[in-house]
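>>> Sequence first, predicted coordinates after that:
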Amino acid sequence: MVVVLEKNVTEKQLENVIKHLEDFGFAVHKSTGVEQIILGAIGVQPNFDIRRVKILEGVAEVYRITEPFKLASRSFKKENTKIKLGNIVIGDKDVVVIAGPCAVESEEQIFILAEIVSKAGAKILRGGAFKPRTSPYSFQGLGEKGLKLLRRAADKFGLLVITEVMESSQINLIEQYTDIFQVGARNMQNFSLLRDLGKAAKPIMLKRGLSATIDDWLMSAEYILSNGNQNIMLCERGIRTFETYTRYTFDISSIPVVHNRSHLPVIADPSHATGLRDKVIPMARAAVAAGADGIMVEVHHDPENALSDGPQALLPEQFSELMTQIKAIAEVIGRKLV
């Protein structure tokens, strides 16, 4: 249920409405917009008469949210969620670029790539220190050593950091080094992890699961939101279909669909979606044109010897070309590459 308060609501009236909602058995989440305060009343109350809330002083409107996800819904929050990190804002007019290797492999590698992506215009450095791999015999990441190298490289070249968290026990460690937690596709429905990340202070990028519907994806975001963390961005990274030519099928249509149904920003990851270097730039162009709030791509200066995902990593000169092209596309649709 959404409770829209009057524009001139007093603090006393606000507290009274919240108290009544809690007494009725609802958990209350407050969203403060530019003009009005909106309360999300979450909970199962069969046959609840919303007139009991409408009559309270300071209440302008009350209506039910029909979507299974409540706090992620555009009905709950009309304005876009804007995530502020340093001098960038994700979810506003800017298109933010996240770039770097799939995994941190060595000090030399991550410092070379941090410099390359920074000079080309990326604002956030990606790189896995803990790597969930299909085979237990594949490179699993450098752990805390990798986190330290990632942080040092990012700081040297003025970048923010995003890296993957795989389990709840890693949250406190990773939080010391990252600016954004990344939840991988295989953990999209790891609900205990999502609940714990809801209590974390830093933003979260939630990747779409391999076979997840858009509702599944948004319901996973709801787990984080309902536990307190409002700074969530979603990441479209392709879904598994019957097509075998590309690694996954890149669902570009999910970008406008999610923007219509939710207030959360959407990032696009064409590297994991296609799995093929020559397909990454065309799909990144399409994602920006479709309204993505950011692009995340893999870049490697020596992909033939990369320890993971070398075939989908852009070469440095390709990444520079990508930046030039998406800058032009962003301007056409009234946005800008930050």
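That came through fine.
>>> Next, count neighbours for residue 168.
14 (other C-beta atoms under 10 Å). No exception for glycine: its C-beta is placed from N, CA and C like everyone else's.
>>> Tell me which helix or strand the closest residue to it other than its chain neighbours sits in.
Leaving out its chain neighbours, the residue that sits closest to residue 168 by C-beta to C-beta, 6 or more residues apart in numbering is residue 196, at 4.4 Å. Assigned by DSSP states H and E, residue 196 falls within helix 191-197.
>>> what sits up against that helix?
Residues outside helix 191-197 that contact it (C-beta atoms under 8 Å, 6 or more residues apart in numbering) are 165-168, 171, 181, 183, 187, 204, 206, 220, 223-224, 227, 229.
>>> do stretch 13-31 as well
Applying C-beta under 8 Å, 6+ apart, the contact partners of stretch 13-31 are 1, 3, 5, 37-43, 45, 48, 52-53, 56-59, 71, 76-77, 225-226.
>>> Pull up the gap between residue 262 and residue 222, please.
Per C-beta to C-beta, to the nearest Å, residue 262 is found 10 Å from residue 222.
>>> And for residue 281, the neighbour number?
By the measure other C-beta under 10 Å, the count of residues near residue 281 is 19.
>>> okay but it is in contact with residue 320, surely?
No - using C-beta atoms under 8 Å, residue 281 makes no contact with residue 320, being 10.9 Å away.
>>> Check the average confidence over stretch 98-105, would you?
Mean pLDDT, computed over stretch 98-105, is 96.
>>> what's next to it, contact-wise?
For stretch 98-105, the external contacting residues (C-beta under 8 Å, 6+ apart) are 109-110, 113-114, 117, 120, 122-129, 131, 139, 141-142, 146-147, 149-150, 162, 267, 294-300, 306-309, 313, 319.
>>> Pull out the buried members of those.
Neighbour counting with 16 or more other C-beta atoms under 10 Å marks 109-110, 113-114, 117, 120, 122-129, 131, 141-142, 146-147, 149-150, 162, 267, 294-300, 306-309, 313, 319 as buried within the contacts of stretch 98-105.
>>> from these, which ones fall inside strands?
Counted as lying in strands by DSSP state E, out of the buried ones among the contacts of stretch 98-105, are 124, 125, 126, 162, 267, 294, 295, 296, 297, 298.
>>> Next up, the contacts around the fourth one.
I take that to be residue 162. By C-beta under 8 Å, 6+ apart, the contact list for residue 162 reads 98, 124, 125, 126, 178, 179, 180, 181, 182, 205, 296.
>>> could you redo the last one with a cut-off of 10 Å?
85, 98, 100, 124-128, 150, 154, 178-182, 202-205, 233, 235, 267, 296 (C-beta atoms under 10 Å, 6 or more residues apart in numbering).
>>> where exactly do the helices run in the stretch 1-150 of the chain?
Applying DSSP state H, counting those that start in this stretch to the stretch 1-150 of the chain gives helices spanning 11-23, 51-54, 107-120, 144-156.
>>> With distance to residue 244 added, can I get the ones you listed in CSV?
Formatted as CSV, the helices of the stretch 1-150 of the chain follow (distance: least, C-beta to C-beta, whole Å):
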stretch, distance to residue 244
helix 11-23, 51
helix 51-54, 53
helix 107-120, 30
helix 144-156, 32
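>>> Distance of residue 79 relative to residue 23?
Plainly put, residue 79 is 29 Å away from residue 23 if you go by C-beta to C-beta.
>>> If you count surrounding residues, which of the two has more?
Taking neighbours as other C-beta under 10 Å, residue 79 and residue 23 compare with residue 79 leading, 14 against 8.
>>> Check what pLDDT the closest residue to the more buried one other than its chain neighbours gets.
Of all residues not flanking residue 79 in the chain, residue 33 sits nearest, at 5.4 Å (C-beta to C-beta, 6+ apart). In this model, residue 33 is scored at 80, pLDDT.
>>> Could you pull up the residues touching residue 33?
Contacts of residue 33 (C-beta under 10 Å, 6+ apart): 4, 77, 78, 79.
>>> What is the nearest of those to residue 242?
Closest approach to residue 242 among the contacts of residue 33 (C-beta to C-beta): residue 77, at 36.3 Å.
>>> For that closest one, the count of nearby residues, please.
Around residue 77 there are 22 other residues, counting by other C-beta under 10 Å.
>>> Check the gap between it and residue 262 for me.
9 Å.
>>> List the residues that are in contact with both of the two.
Common contacts of residue 77 and residue 262, defined by C-beta under 10 Å, 6+ apart, comprise residue 71.
>>> Looking at residue 132 now. What's its pLDDT?
At residue 132, the pLDDT value in this model is 75.
>>> Let me know whether it touches residue 188 as I believe.
No - when contacts are counted by C-beta atoms under 10 Å, residue 132 is not listed as touching residue 188 (11.9 Å).
>>> quick one, which of these two is more surrounded?
Taking neighbours as other C-beta under 10 Å, residue 132 and residue 188 compare with residue 188 leading, 26 against 15.
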